[in-house]
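>>> Structure for this input, please:
(chains A and B)
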Amino acid sequence: MKNLVLTRRTLLAGASATSLLSLLPKTSLAADGSSVLNVIAFPEPPTLFIGLDQNGSTQTVAGKIYESLLTYDFDFTPRPSLAKSWEVSPDGLTYTFKLQEDAKWHDGKPFTADDVVFTTKEFLMEVHPRARVIFENCETIEALDPHTVRFVLKKPFAPFLMAFEMSTSPMIPAHLYKGTNYRTNPNNAKPIGTGPFKLADWQKGSFIRLVRNPDYHGEGEPHLDEMYFHILPDAGSRALALEQGRVQQTQFQDLEPFDVQRLASLPNIELITKGYEFYAPVARIEFNTRVKPFDDKRFRQAINYALDRKAILNTIFFSQGRVATGPLNSKTRFYDPDVTRYDYDLAKAKALLDDMGLKPDANGVRTQVKFLRLPWGETWARFAEYVKQSLGKVGIAVEIESADPAGWTSRYANWDFQMTSNYPYQFGDPALGVARFFVSSNIRKGVAYSNNTGYTNPRVDELFAAGASALSKEDRQKAYSEVQKILTEEVPMAWLVEVDFPTLLDKRFTDVVVSAIGVNETYRRARKVG
Amino acid sequence: MSSTLWRLLKNPSAAIGIGLLFLVILVAALAPVLYPQDPWAMVGRPFLPPFTDPQFPLGTDMMGRDIAAGLAYGARVSLLVGIVSTACAIILGVTLGGIAGYYGGLADDGLMRVTEFFQTIPTFIFALVMVAILSPSIQSIIVAIGIVSWPPVARLVRAEFASLRSREFVQAAIALGESDRHIILRQILPNTLSPVLVMGSLMVASAILTEAAISFLGLGDPNMMSWGYMIGASRTVIRQAWWMSFFPGLVIVLVVLTINLVGEGLNDVLNPRLARKGRA
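Okay, the predicted model is just below:
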């Protein structure tokens, strides 16, 4: 009897010790000396199947599981990933890729040229709007042998090599998806990629655990044993998690801007602003040029003059970024600083409004407009309040409208707004991330992130087309420089701030941010040194 | 009624409550005179701590807006929402409760099932959903709070009506052939007013709290400065600027306390049993 009691007590003690352990914060170094990186996933990804969803946090997690043919340096020079080498014909029409020979899917099947052909010719064309626009340029896509793929284009498409980024064309296993309904395929729930990490465990609402892929094609890679992505929906708890060392990395907008400076000054934390070149957004106000008075260029220019970009950068974005000069972020290729600038000038703004015949009434109000604010957190709420105050000073009375994310997207897509703010990614090249907002062929009702302002200019259409198909860098630059001049003169939008995202990283980790896609990279080289 | 007011003022906690409430109403009314600048105007240096600059006694927020001006204008929103939404709830509750209690039978059954339906939905969530659907504005917040807060009034009034209906004076009125409308409005309703008044005063306080919570969550009217908005907007900078959330929070506590004091006082005065015991 005594024995039994003892046993039970021991058991209980053992059980409680285990449960206590599981409550303890995850440290970067587990007891057995393996290295673990804890990161935040915010918001929780709806799925990890990158083929169907390219939301920000989906990319951060799925970027470790899926790969594409290439990856890119900070200056967009292509580097090998699933392709080990490639050739471009002098006429810019034929692209031939040699693939890694020992790359395998997580289920053990070899990765071959057939997977590339299936992905780019069938899968992405059906489900991925951004990739479709690129691969539509292909005349033929064929496998020359199990490890060689050839793309032949109909006409030159200069940024074609930029298309092989992980979120643009993630390689999808043909043996699991070919001939199936992609959206309902049961494999979507258990992602099978070629990447250095495999999905081990996903406790919805709590964490996602990835483990090292021992069969990875990179020699001796990856170096990390495990990665945890913690789901922390509250900005305060995300800051606290980094501060307490429960996570070793935060990225994009995990932290509120004012927390960034505070946490970056912690002795064990490093602030990295590189690794967002591929995204490099410009915070802007889009005008619906179909409605009065936004159809008048002078009105749009007046708003541009009435906004103090420096103050917006400093007070709203807490100095994380730079004042924007035009539609392109200075980190995007073919940026040209020589454009019409809109320095803060209330007198010019008022003169333009007077010129339009918009005279102030007894209360100083010239006209009433509505501003549909972006529903993505505090920063954009403050931004809207700032715009309202600033425009009020020149007699433009602004009424702020608020909507939830779904409501905002629907109103934006269906042109049901007068002005709204936005900061879409530019994907490194104007042909990939910028032209879509200005060319008249992309005025598509019901589609968010198309040309929603309704701006049309045949010359702009021509120049964007020329820039996309020109063979030499110089010709491309010429076309894009002229486009930037025209757009900054006609201002279908007000470009305000080049937003920098911060990555905060525990100094014990190195080789984490190594490419233009930064935290969405595979982390094959990431190591723990301390 | 003037004797009621007098008795109310003789009750010390109620007197304090009325005094403070009067002060809040005064500030709300005089806000545009005290602070001719819009409360959204960026008038000073951002993150100015309180009690450092006499021009901004309570400091400024992250965009250099005067906290004191925000509080004054916020009082207008809070009082407006509190009073109008409570008035809506009382009108709705008294009407439905009165009909149910007076007529009984099928009308009672039907109306009470409707009331119960509303009572089974968690009120705050219901209000949030309504504001989200109607799109955030001061009108939708008032409507939402009104709609979620009428059921208790309806139940109270129904009970009062049901009990008063069988009293002799009502029976007499019926025997005299008075119309239902006359009996309801002239005979029964005045006798139910005291508990409704007490309940209403407490509902104003909870409406103010609900509005603050809705605004805190970012669903407030984006064009009106309110206390809940001020706390919600400053929650994220609480470590850098405690005053931004402290003062609006303090004001909410004080105003809700004040209204509760007045409500309690009203209850003491209007409840005949307590009144006789206390003032004999």
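
>>> for stretch A:352-368, which positions count as buried?
If you call a residue buried by 16 or more other CB atoms under 10 Å in any protein chain shown, then stretch A:352-368 has these buried ones: A:352-353, A:356, A:358, A:366-367. Just so you know, the C-beta spots here come from the backbone N, C-alpha and C atoms, and that holds for glycine as well.

>>> Output these as TSV; include the columns secondary structure, distance to residue A:337 and pLDDT.
Converted to TSV, the buried residues of stretch A:352-368 look like this (DSSP: H, G, I helix; E, B strand; the rest coil; distance: CB to CB, whole Å; pLDDT from 0 to 100):
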residue	secondary structure	distance to residue A:337	pLDDT
A:352	helix	24	97
A:353	helix	28	97
A:356	helix	29	96
A:358	coil	32	94
A:366	coil	32	96
A:367	strand	32	96
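
>>> I'd like to know which residues of the stretch 51-200 of chain B are adjacent to chain A.
B:62-64, B:132, B:135-136 (CB under 8 Å from any CB of the partner chain).

>>> Those in helices, which ones?
residue B:132 (DSSP state H).

>>> any chance you could read off phi and psi for the residue lying closest to residue A:528 once chain neighbours are set aside?
Distances taken as CB to CB, 6 or more residues apart in numbering or on different chains place residue A:35 nearest to residue A:528, at 3.9 Å, with adjacent residues excluded. The phi and psi values for residue A:35, taken as degrees, to the nearest 10, are phi -100, psi 130.

>>> Mind pulling the model confidence for residue A:35?
pLDDT for residue A:35: 92.

>>> how much space between it and residue B:157?
Separation of residue A:35 from residue B:157 (CB to CB, to the nearest Å): 68 Å.

>>> Need the max-distance pair from the buried residues of stretch A:352-368.
The span of the buried residues of stretch A:352-368, defined through CB to CB, is set by A:352 and A:367 at 12.4 Å.

>>> Can you lay out the buried residues of stretch A:352-368 as a markdown table showing distance to residue A:151?
Below are the buried residues of stretch A:352-368 laid out as a markdown table (distance: CB to CB, whole Å):
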| residue | distance to residue A:151 |
| --- | --- |
| A:352 | 49 |
| A:353 | 52 |
| A:356 | 51 |
| A:358 | 53 |
| A:366 | 55 |
| A:367 | 52 |
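
>>> Could you dump these into a markdown table with distance to chain B added?
Formatted as a markdown table, the buried residues of stretch A:352-368 follow (distance: CB to the nearest CB, whole Å):
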| residue | distance to chain B |
| --- | --- |
| A:352 | 23 |
| A:353 | 20 |
| A:356 | 25 |
| A:358 | 21 |
| A:366 | 17 |
| A:367 | 16 |
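
>>> sorry, back to before: higher neighbour count, residue A:35 and residue B:157?
Neighbour totals were compared for residue A:35 and residue B:157, and residue B:157 leads with 28 against 20 (other CB atoms under 10 Å in any protein chain shown).

>>> ok, and the closest non-adjacent residue to the more buried one?
That would be residue B:97: by CB to CB, 6+ apart, it lies 3.1 Å from residue B:157.

>>> Please point out which parts of the helix or strand where the one you found lies sit buried.
Applying DSSP states H and E as the criterion places residue B:97 in helix B:67-103. Neighbour-count burial for helix B:67-103 flags B:67-86, B:88-90, B:92-102 (criterion: 16+ other CB under 10 Å).

>>> Show residues contacting whatever helix or strand residue A:398 lives in.
Per DSSP H and E: residue A:398 is located in strand A:396-401. With CB atoms under 8 Å, 6 or more residues apart in numbering or on different chains as the test, strand A:396-401 has contacts from A:302-303, A:306, A:353, A:365-373, A:384-385, A:387-388, A:391-392, A:417, B:135, B:222-223.
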